[in-house]
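Peer 1: Quick check, what structure comes out for this input:
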Amino acid sequence: MHMNRRTVLALAVGAALLASGCTGTGGTSKGADAEAPDDPANVSGTITVLTHRTDLVQDGTMKKYAAEFNKTYPKVKVEFDGITDYEGEVKIRMNTEDYGDVLMIPAVIEKKDYPKFFASLGSQEERSKKYRFTDYTAVGGKVYGQSPLGAVPGFIYNKRVWREAGVTDWPTTPAEFLAGLKAIKSKTDAVPYYTNFKDGWPLSQWTGVRGSVSCDEQATTRWAEGNPWAEGGELRVADSLLYDIVHEGLSEKDPTTTNWEASKPKLAKGEIATMWLGSWAVIQMQGAAKQAGADPDDIGFMPFPAQKDGTFCAVTSPDYNQAVNIHSDHKEAARAWIDWFTDKSGYAEDNLALSPLKDAPLPDVLKPYEEAGVKLLDLDDSKGAELKTLENQSEVGINKPDYRKELVDMARGARKGDPDDYLDGLGEKWTETQKSLGS
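Peer 2: Residues are numbered from 1 along each chain as shown. Predicted structure coming up:
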């Protein structure tokens, strides 16, 4: 399972599964904390690590990580359980106490329930000094999970194609971005923008614009308490740009025939110019370039075309968070694995991803962001649980592809409707749900 599959599960599937709940048998039992071990030589036990990265289990990569881990923790045996339908299967397992010793926190679990299922890794106050993303799993001042890597949203693009079209500077407004795509259409043979409409989940990636337009670390709170489709709101800006791209004939001719896997070599070879995804996709595109005999250096990464006071902004976001099963008999060994995997494994570097360690250098794929002075924001996720509930109760589906599929169909003339009226309607559903929830 690759990073894109993780995105499908955590975003597209997660919100849908949320409605069904997860009862579990967890409780804040004795030994609810997973203490960091003092002496690695004394830590022992066999631990099972549940993972969505079936590809890394199958190709032996996870076994190599375990071998490195054993150089520090020789008495701990690590076994991996790679699960294809991670969200669906782990949700079922969590109705028992047997859901591994270490696991990725499924999207279905409500944040407020983390203490029922997972052992605390320590206080947020302490952990936030060293790590990114701590507030995504913090409940009552304690942290219950840690992501081993992060990503930043942006447009994956073929630098050679954009250069051939005469565009060498990143667009700073949606209008400039559209002008760039028009230049690509008129001066090259490439498809300017590729929606990946048929696979669907890439459309939900547009929600990753949160914080990029406003350059505001409180963007999650503003979405939870306000209307992101209001005039100038971030979803209004992003969804309007998507509509305009399709409406002006700057995307593939028939979006119902797109293919995610096939799109990678096409972008690498310059048959496609641009896709909105995230930094996690760069390594996949570079791999596709190597396989296709194209130049991996042609793969570029640019921020959303919006600036605040002359500065681009992009938001950091965690991948799945690793946690310790509160019922584990080997919490110390499980905690040792999480700490080592986060701090020492090189997993983030191996995936060209953003390190969760605040003092780590940026990965090479983000060097262009660094050089251009793009401001990286760590969003305040204290209202993340409320936003998730709002997303679920409103049935708008900001993390699902459905409403953007309707928007694309409207833009290409496959269904009737006015985009402004449509987006206003989404905002009304959103704010009405806020009122009903007492927000």
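Peer 1: any idea where the helices of the stretch 151-300 of the chain begin and end?
Peer 2: Along the stretch 151-300 of the chain, counting by DSSP state H, counting those that start in this stretch, helices occupy 159-164, 174-187, 201-204, 219-225, 234-247, 260-269, 282-291.
Peer 1: need those helices in a markdown table with distance to residue 429, mean neighbour count and mean pLDDT, can you?
Peer 2: All C-beta spots, glycine's among them, are computed from the backbone N, C-alpha and C. Output for those, formatted as a markdown table (distance: least, C-beta to C-beta, whole Å; neighbours: other C-beta atoms under 10 Å; pLDDT from 0 to 100):
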| stretch | distance to residue 429 | mean neighbour count | mean pLDDT |
| --- | --- | --- | --- |
| helix 159-164 | 37 | 20 | 98 |
| helix 174-187 | 24 | 18 | 98 |
| helix 201-204 | 17 | 22 | 92 |
| helix 219-225 | 14 | 20 | 96 |
| helix 234-247 | 12 | 21 | 98 |
| helix 260-269 | 29 | 20 | 95 |
| helix 282-291 | 35 | 19 | 93 |
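Peer 1: mind checking pLDDT for the closest residue in space to residue 180 that isn't next to it in sequence?
Peer 2: Excluding the flanking residues, the one nearest residue 180 by C-beta to C-beta, 6 or more residues apart in numbering is residue 167, at 4.4 Å. On pLDDT, residue 167 comes in at 98.
Peer 1: what about residue 167, distance to residue 300?
Peer 2: Per C-beta to C-beta, to the nearest Å, residue 167 is found 11 Å from residue 300.
Peer 1: So which of the helices of the stretch 151-300 of the chain is nearest residue 63?
Peer 2: Of all these, the one in closest proximity to residue 63, counting by C-beta to C-beta, is helix 282-291 (20.6 Å).
Peer 1: rewinding a little: the residue nearest to residue 180 and residue 182 touch, don't they?
Peer 2: No - Residue 167 is beyond contact range of residue 182, at 10.0 Å (criterion: C-beta atoms under 8 Å).
Peer 1: can you pull the buried residues of the host helix or strand of residue 435?
Peer 2: Assigned by DSSP states H and E, residue 435 belongs to helix 419-437. If you call a residue buried by 16 or more other C-beta atoms under 10 Å, then helix 419-437 has these buried ones: 419, 422, 423, 426, 427, 430, 431, 433, 434.
Peer 1: List phi and psi for residue 77.
Peer 2: Phi and psi for residue 77, reported as degrees, to the nearest 10, are phi -100, psi 130.
Peer 1: residues in contact with it?
Peer 2: Applying C-beta atoms under 8 Å, 6 or more residues apart in numbering to residue 77 gives the contacts 45, 46, 47.
Peer 1: Could I get the pLDDT score of the first one?
Peer 2: Per-residue confidence for residue 45 comes out at a pLDDT of 97.
Peer 1: so what's it closest to, chain neighbours aside?
Peer 2: Counting by C-beta to C-beta, 6+ apart, residue 45 lies nearest to residue 330, which is 3.5 Å off, once chain neighbours are set aside.
Peer 1: One more: the second one?
Peer 2: The spatially closest residue to residue 46, leaving aside those adjacent along the chain, is residue 77, at 4.3 Å (C-beta to C-beta, 6+ apart).
Peer 1: Same check on the last one?
Peer 2: Spatial nearest neighbour of residue 47, chain neighbours left out: residue 101 (3.9 Å); criterion: C-beta to C-beta, 6+ apart.
Peer 1: can you pull the contacts of that neighbour?
Peer 2: The contact partners of residue 101, taken as C-beta under 8 Å, 6+ apart, are 47, 48, 49, 324, 325, 328, 329, 330, 331, 333, 334, 337.
Peer 1: how about the strands in the stretch 1-150 of the chain?
Peer 2: Counting by DSSP state E, counting those that start in this stretch, the stretch 1-150 of the chain has strands at residues 45-51, 76-82, 102-104, 118-119, 122-123, 138-139, 142-143, 150-151.
Peer 1: And those: which comes nearest residue 246?
Peer 2: Nearest of those (C-beta to C-beta): strand 150-151, 25.1 Å.
Peer 1: which strands and helices sit next to the closest one?
Peer 2: Applying 3 or more C-beta pairs under 8 Å, 6 or more residues apart in numbering; DSSP states H and E, we find strand 150-151 packed against strand 311-318.
Peer 1: Give the buried residues for the strand it packs on.
Peer 2: Judged by neighbour count using 16+ other C-beta under 10 Å, the buried positions of strand 311-318 are 312, 313, 314, 315, 316, 317, 318.
Peer 1: And the average pLDDT for it is what?
Peer 2: Summarised as a single mean, pLDDT over strand 311-318 is 94.
Peer 1: How about stretch 419-429?
Peer 2: Taken as a whole, stretch 419-429 has a mean pLDDT of 97.
Peer 1: pLDDT weak spots in this structure?
Peer 2: Along the chain, the model assigns pLDDT under 70 to residues 1-31, 439.
Peer 1: burial of residue 96, as a residue count?
Peer 2: Burial of residue 96 is recorded as 10 neighbouring residues (other C-beta atoms under 10 Å).
Peer 1: about what we covered before: mind putting the buried residues of helix 419-437 into JSON lines with distance to residue 200?
Peer 2: Shown next, in JSON lines, are these (distance: C-beta to C-beta, whole Å):
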{"residue": "419", "distance to residue 200": "20"}
{"residue": "422", "distance to residue 200": "18"}
{"residue": "423", "distance to residue 200": "19"}
{"residue": "426", "distance to residue 200": "18"}
{"residue": "427", "distance to residue 200": "22"}
{"residue": "430", "distance to residue 200": "21"}
{"residue": "431", "distance to residue 200": "26"}
{"residue": "433", "distance to residue 200": "23"}
{"residue": "434", "distance to residue 200": "27"}
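Peer 1: Can you tell me which of those is closest to residue 262?
Peer 2: Taking those together and measuring to residue 262 by C-beta to C-beta, the closest member is residue 419, at 28.7 Å.
Peer 1: That closest one: what's it in contact with?
Peer 2: Per C-beta under 8 Å, 6+ apart, neighbours of residue 419: 239, 240, 243, 247, 407, 410, 411.
Peer 1: sorry, back to before: measure the residue nearest to residue 46 to residue 70 for me?
Peer 2: 8 Å.
Peer 1: Equivalent analysis for residue 196, please.
Peer 2: Relative to residue 70, residue 196 is positioned 40 Å away (C-beta to C-beta).
Peer 1: Show me which of those two is the more surrounded one.
Peer 2: Between residue 196 and residue 70, counted using other C-beta under 10 Å, the more crowded position is residue 196 (24 against 13).
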